[in-house]
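Predicted model follows, preceded by the sequence.
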Amino acid sequence: MGTVVSIDVRTPLPPDRLDAAIAAAVAVLHRADADFSTFRADSWVSRLRRGECGLADCPPQVQAIYRAAEACRVRTGGLFDPGWRRDGTLDPTGLVKGWAADAASWALTRAGATIHCVNAAGDLRVRGQAAPGVPWRLGIADPARPGHLVAVVESSDLAVATSGTSEQGEHVIDPRTGTPAHHLASVTIVGPDLTLADAFATAALAAGRRAPELLAELGSAGWAWLTVDRAGGVDVSATFPGTVIAPGAASTRPPVPVATPAPVSLPRSALTSTPVAASASLPVSVAVISAGGSVTPSVPAWR
């Protein structure tokens, strides 16, 4: 998939069980790369795009991801467009990273490492608490001020996806115009499903000024979101679970209590990175999400 994934496990396990859990998650990620990487000539995605096979010839997880990508295109009114390459083929890159991180998280959970954070280039799945009684603290990088945060998400058992332009530039295409999206600098989505959060973060970045309208569906189900525009202006949903830091100011607003979001799942028939690290400046570890709950995933994970 052309990215780096970091894993932070907080479950107290014997070394051999911890190694086995991480190995299981890494195996899932390597398989995702083998199936979906656009950089590997032998991946199913590359073979599909060259016309060497049909979708019906692919493994179930590949068929499911392609159907999920198409379902997201429909749900977002085309703002999430897996066919942005305009060559007549679909490219699931905009959501497969989130799905792979979720699948790795499920692998850790099955292996007994139930308290963890998986960070796939700014797409994070956290389970459990960072410490007893203490939620995970996930810093959202300020796209206009390197080394600063625009917000901190405080959560347990949630998925957080951020899409932005600070690291990869204007890489998201607005399918309405065929030109790079430029109104927003970053979009962060918080909810129970990392696959959907990844897709909607990309779609909202493409939507620009229409992002709140696009995100209303998720907001009505209890999901949360935060956008930062090119001028540094921050817009945030009422249910954002954490602290928003006003750009250029030291003040913050108090954390907002948030109920567990309801899953907004895709139909079953449809189917760079900043490491997680301890930070001396905060009471618990912080995973910094660059701008670049425990529910069944919307698409099948390897189990």
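Perfect, thanks for sending it. Residues are numbered from 1 along each chain as shown.

which regions of the chain lie under the pLDDT threshold?
Residue ranges of the chain with pLDDT under 70: 1-2, 82-90, 165-181, 246-303.

same thing but 50
84, 169-170, 248-303 (pLDDT under 50).

where along it do the strands fall?
Per DSSP state E, the chain carries strands over the ranges 5-9, 116-120, 123-127, 136-141, 149-155, 158-164, 173-174, 179-180, 184-191, 224-229, 234-236, 242-244, 276-277, 286-289.

Compare those and report which one is nearest to residue 91.
Closest to residue 91 of the strands of the chain is strand 173-174 (C-beta to C-beta; 11.1 Å). Just so you know, the C-beta spots here come from the backbone N, C-alpha and C atoms, and that holds for glycine as well.

Output the strands of the chain in CSV, with mean neighbour count appended to each entry.
Supplementary listing: the strands of the chain in CSV, determined by neighbours: other C-beta atoms under 10 Å:
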stretch, mean neighbour count
strand 5-9, 20
strand 116-120, 26
strand 123-127, 28
strand 136-141, 26
strand 149-155, 23
strand 158-164, 29
strand 173-174, 18
strand 179-180, 12
strand 184-191, 27
strand 224-229, 24
strand 234-236, 17
strand 242-244, 21
strand 276-277, 17
strand 286-289, 23
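
would CSV of these with distance to residue 216 be doable?
Listed next are those as CSV, based on distance: least, C-beta to C-beta, whole Å:
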stretch, distance to residue 216
strand 5-9, 31
strand 116-120, 27
strand 123-127, 22
strand 136-141, 21
strand 149-155, 20
strand 158-164, 18
strand 173-174, 19
strand 179-180, 25
strand 184-191, 13
strand 224-229, 10
strand 234-236, 13
strand 242-244, 19
strand 276-277, 31
strand 286-289, 23
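
Those: which one's closest to residue 50?
Nearest to residue 50, of the strands of the chain and by C-beta to C-beta, is strand 173-174 at 22.0 Å.

re the thing from before, of the strands of the chain, which is nearest residue 198?
Closest to residue 198 of those, according to C-beta to C-beta: strand 158-164, at 4.5 Å.

Need the contact partners of that closest one.
98, 102, 122-126, 138, 140-141, 143, 153, 172, 184-194, 197-198, 200-202, 204-205, 228, 241, 261, 289-293 (C-beta atoms under 8 Å, 6 or more residues apart in numbering).

need the helices for the chain, in chain order.
15-36, 44-49, 60-75, 93-110, 194-207, 211-220 (DSSP state H).

Output the contacting helices and strands for the last one.
Helices and strands touching helix 211-220, as assessed by 3 or more C-beta pairs under 8 Å, 6 or more residues apart in numbering; DSSP states H and E, comprise strand 184-191, helix 194-207, strand 224-229.

Kindly report the same for the fourth one.
With contacts defined as 3+ C-beta pairs under 8 Å, 6+ apart, helix 93-110 has these neighbours: strand 5-9, helix 15-36, helix 60-75, strand 116-120, strand 123-127, strand 158-164, helix 194-207.

Tell me which of those approaches residue 106 most closely.
The closest of the helices and strands packed on helix 93-110 to residue 106 is helix 15-36. By C-beta to C-beta, the value is 8.0 Å.

related to what we said a few turns ago, please identify the deepest-packed of the helices of the chain.
Mean neighbour count (mean count of other C-beta atoms under 10 Å) peaks for helix 194-207 among those, with a mean of 30.

can you give me the offset of it from its chain's centre?
8 Å (C-alpha atoms, centre = their mean, to the nearest Å).

For that helix, C-alpha coordinates in CSV please.
Extracted as CSV, the C-alpha positions of helix 194-207 are listed here (Å, rounded to 0.1, in the frame of the first residue of the first chain):
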residue,chain,number,x,y,z
LEU,A,194,-12.3,3.0,9.9
THR,A,195,-13.1,1.9,6.3
LEU,A,196,-16.0,4.4,6.1
ALA,A,197,-14.1,7.1,8.0
ASP,A,198,-11.2,6.9,5.6
ALA,A,199,-13.5,7.2,2.5
PHE,A,200,-15.5,10.1,4.0
ALA,A,201,-12.4,12.0,5.0
THR,A,202,-11.3,11.8,1.4
ALA,A,203,-14.7,12.7,0.1
ALA,A,204,-15.1,15.7,2.5
LEU,A,205,-11.7,17.0,1.4
ALA,A,206,-12.9,16.9,-2.2
ALA,A,207,-16.2,18.5,-1.2
